[in-house]
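Chemist: no FASTA, just this:
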């Protein structure tokens, strides 16, 4: 199967126009393109220039037109409210066309921006699709973001309309959204005339006359509106990702390339076709939710699970497995951190007892590096192939993956497998020269990037070039470090900033964490580089133990230090390790290593807007202080 993959990949690189024209045949076009690839403005590339289509038509209308309107499009599962119901493609069309009709009635036109600040409810998907229907550019902001962060995004996107809800619901309780929205609007210099607010039964929001409109009443009274033909190169959405300057970067996705790439990926990577059930256990505030809760599954006519809950605590570590069994999910996608949370609370897999997972064909993990221990534990408990794959907010769909719907190859733990067709991945040194197999370096992608990837940053082309294209001309800088083995398998070990330089030896945090997670008592681990007068930096590890483990600190530390010495060697200088109750993470599951490193080294830092639990930073600070770092570090 590997040769079949190589042939497909070679065609995508050597004959990109032919490859992507064939992929584009799976999308309905109002009129064909002039050029599959327009490189006249390189490094700003345009796919399917001159072609006209509508993403909402391809995701909704065409399935109804094809006689499949009664199939469930979105299956809403909300353990936090104890509500579950399905929405057919026909019902989805009615909701989306009326919401789009409301937007049109208040003057929202093609190219206008609409900020969506909502929880994991079906109306959030309606909102995204309604924007796509009329050519408005949506920008989803994760529900519950702090008011100042929301204000920053409002100022940058300058929306004509904001769609919001009265509240979100977390295991900790109800999170009122409306006060946060009101505060953000007060802070923002850009003024918004219209806010459409979905009042949920758990909490009613006060609506301000003149500005705030009740969602249900407005949509019920709105006319249906047809899809508007859009240029393939017209923006579909802006999605903000954190910037190193503190000013978020607005990743821009186009309509044509996005639809083509996502439809191709659903079939070839995730093995999902019309009528199949797919579940990406993420949030629409993240790129995974955009690509693989809303757009990807609907573009191919699948059923997508929209889940308002957590892997544990809503109500227990068996919630994912029962949902998969109940709705006959074929392919399941979640983050390694979700699996590690389940493993921590249910290390022996007791909650799998009696759950029929015969429907499940593949499990996909992404969002952060998947350590081999997590992959092996999942494989062992589920008895299913577990597919690590790697991509970014900027790319919008996988860069390296195992093509489970085309020609699966051998799974190698720790690797997201091979470059996906369309991506030419290289690993280079600081001078830009390609390194040898198994040698670490910076991971880059040769231009042009394939369809579906970012086209620029919102109203900041210079920052786009400075952030991604200037370090290695002709290449996109991923910001990740790793290596390729002799078979071409990619290994992503850490962010470039997370490489630890120990007395001149460049060591990745990912390798340390991989080793620590081999210990039977460890559920998850984070390693950072802390300042050292003699060696420059030394590694410091924090581990979360599995529930029920009884091992004293001295024994645990000795065992972990011995394990690292055995697996990496004495050059690692690994002598600093401690157990913590919980690691600080973003809501998407990424461990905040940079923030922890700043705390340890007494550097200033901002609490990231995306942090899941701010109290975890206090836990880490107290632990680091006990270890001789943070406030006590000299």
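Modeler: Ah, there it is. Bear in mind the structure is a predicted one, so any value in this text is a computation, not a measurement. Residues are numbered from 1 along each chain as shown.
Chemist: next, count neighbours for residue 180.
Modeler: 22 (other CB atoms under 10 Å). No exception for glycine: its C-beta is placed from N, CA and C like everyone else's.
Chemist: not counting sequence-adjacent ones, nearest residue to it?
Modeler: Leaving aside its chain neighbours, residue 180 sits nearest to residue 147 (4.9 Å; criterion: CB to CB, 6 or more residues apart in numbering).
Chemist: give me the distance between the one you found and residue 616.
Modeler: Distance, residue 147 to residue 616, by CB to CB, to the nearest Å: 22 Å.
Chemist: helices of the stretch 201-350 of the chain, start to end?
Modeler: With helices called from DSSP state H, counting those that start in this stretch, the stretch 201-350 of the chain shows them at 215-221, 256-268, 287-289, 296-299, 319-327, 336-345.
Chemist: export those to TSV and tack on mean pLDDT, distance to residue 44 and mean neighbour count?
Modeler: Conversion of those to TSV gives the following (pLDDT from 0 to 100; distance: least, CB to CB, whole Å; neighbours: other CB atoms under 10 Å):
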stretch	mean pLDDT	distance to residue 44	mean neighbour count
helix 215-221	97	38	15
helix 256-268	98	13	27
helix 287-289	96	21	24
helix 296-299	98	25	28
helix 319-327	98	41	20
helix 336-345	92	34	23
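Chemist: flag the shaky bits of the stretch 101-250 of the chain, pLDDT-wise.
Modeler: Where the stretch 101-250 of the chain drops to pLDDT under 70, the residues are 242-246.
Chemist: re the thing from before, got the phi and psi for the residue nearest to residue 180?
Modeler: The phi/psi pair for residue 147 (degrees, to the nearest 10) reads phi -60, psi -40.
Chemist: list the contacts of the nearest residue to residue 102 once chain neighbours are set aside.
Modeler: Distance criterion CB to CB, 6+ apart; nearest residue to residue 102, sequence neighbours excluded, is residue 222 at 3.8 Å. Residue 222 makes contact with 98-99, 101-102, 105 under the criterion CB atoms under 8 Å, 6 or more residues apart in numbering.
Chemist: now swap in residue 148 and tell me
Modeler: Residues in contact with residue 148 (CB under 8 Å, 6+ apart) are 184, 187.
Chemist: so which strand or helix has it?
Modeler: helix 147-157 (DSSP states H and E).
Chemist: how far does stretch 249-260 sit from the chain's center?
Modeler: Relative to the centre of its chain, stretch 249-260 is centred 15 Å away, using CA atoms, centre = their mean, to the nearest Å.
Chemist: actually, stretch 8-20.
Modeler: For stretch 8-20, the distance to the chain centre is 26 Å (CA atoms, centre = their mean).
Chemist: average model confidence for it?
Modeler: Mean per-residue pLDDT for stretch 8-20: 97.
Chemist: equivalent analysis for stretch 381-400, please.
Modeler: The model assigns stretch 381-400 a mean pLDDT of 97.
Chemist: okay, buried residues for that stretch please.
Modeler: Residues 381-382, 385-400 are the ones in stretch 381-400 that count as buried (16 or more other CB atoms under 10 Å).
Chemist: check stretch 175-188 too.
Modeler: Neighbour-count burial for stretch 175-188 [16+ other CB under 10 Å]: 177-178, 180-182, 184-185, 188.
Chemist: identify the bridge partners of residue 545.
Modeler: As for beta bridges, residue 545 partners with residue 522 under DSSP bridges.
Chemist: residues touching it, list them.
Modeler: So residue 545 contacts 344, 521-523, 551, 556, 579 (CB under 8 Å, 6+ apart).
Chemist: name the element the residue sitting furthest away from the middle of the chain belongs to?
Modeler: In the chain, the residue that sits farthest from the middle, by CA atoms, centre = their mean, is residue 534; the gap is 38.9 Å. Mapping residue 534 onto the secondary structure by DSSP H and E places it in no helix or strand at all.
Chemist: what's the pLDDT at it?
Modeler: Listed pLDDT for residue 534 reads 73.
Chemist: ok, then the element right after the helix holding residue 148?
Modeler: Past helix 147-157, the next helix or strand by DSSP H and E is strand 161-165.
Chemist: can you list contacts of the helix or strand just after that following strand?
Modeler: Using DSSP H and E, the helix or strand that follows strand 161-165 in sequence is strand 167-170. Strand 167-170 is contacted from outside by 78, 80-81, 118-120, 143-144, 174-178, 200, 202-203, 205, 308, 310, using CB under 8 Å, 6+ apart.
Chemist: could you point out the helix or strand that follows strand 167-170?
Modeler: Heading C-terminal from strand 167-170 (DSSP H and E), you reach strand 173-176.
Chemist: how far off centre is the helix or strand that that following strand is followed by?
Modeler: Downstream of strand 173-176, the first helix or strand assigned by DSSP H and E is helix 178-187. Centroid separation for helix 178-187 versus its chain: 26 Å, with CA atoms, centre = their mean.
Chemist: OK, contacts around the nearest residue to residue 532 once chain neighbours are set aside?
Modeler: In space, and not counting its chain neighbours, residue 532 is closest to residue 538: 4.4 Å by CB to CB, 6+ apart. Counting by CB under 8 Å, 6+ apart, residue 538 touches 500, 502, 529-530, 532, 573-576.
Chemist: of the helices of the stretch 201-350 of the chain, which approaches residue 621 most closely?
Modeler: helix 336-345 (21.1 Å; CB to CB).
Chemist: after that closest one, next one along is what?
Modeler: That would be, after helix 336-345 and using DSSP H and E, strand 362-365.
Chemist: can you list the residues that contact stretch 624-631?
Modeler: By CB under 8 Å, 6+ apart, the list of residues contacting stretch 624-631 reads 530, 540, 576, 578, 596, 599-602, 621, 632-633.
Chemist: the residues you listed in helices, which ones?
Modeler: Counted as lying in helices by DSSP state H, out of these, are 596, 599-600, 621.
Chemist: in TSV: the residues you listed, plus distance to residue 289.
Modeler: TSV is the format used below for the ones in helices among the contacts of stretch 624-631 (distance: CB to CB, whole Å):
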residue	distance to residue 289
596	26
599	30
600	33
621	31
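Chemist: distance from the chain centre to the helix ranked longest in the chain, please.
Modeler: Looking across the chain with DSSP H, the single longest helix is helix 89-105. Counting by CA atoms, centre = their mean, helix 89-105 is centred 27 Å from the centre of its parent chain.
Chemist: what are the buried residues along that helix?
Modeler: Neighbour-count burial for helix 89-105 flags 89, 91-104 (criterion: 16+ other CB under 10 Å).
Chemist: what residues go with each domain of the chain?
Modeler: 2-309+389-482, 503-632 (automatic domain parsing).
Chemist: and the helix holding residue 148, how far out from the chain middle?
Modeler: On CA atoms, centre = their mean, the centre of helix 147-157 falls 21 Å from that of its chain.
Chemist: same check, this time on stretch 121-128
Modeler: Here stretch 121-128 is found 18 Å from its chain centre; the criterion is CA atoms, centre = their mean.
Chemist: with stretch 581-598 instead?
Modeler: 16 Å.
Chemist: can I take it that the residue nearest to residue 532 is in a strand?
Modeler: Yes: judged by DSSP: H, G, I helix; E, B strand; the rest coil, residue 538 forms part of a strand.
Chemist: quickly list what it is bridged to.
Modeler: Following DSSP bridges, residue 538 is listed with bridge partners residue 530.
Chemist: any idea how far residue 523 is from residue 591?
Modeler: 13 Å.
Chemist: now do the contacts for the nearest residue to residue 286 once chain neighbours are set aside.
Modeler: The shortest distance from residue 286 to any residue that is not its chain neighbour, by CB to CB, 6+ apart, is 4.9 Å, and that residue is residue 588. Residue 588 is in contact with 282-283, 286, 288, 335, 367, 610, counting by CB under 8 Å, 6+ apart.
Chemist: thank you kindly, that will do.
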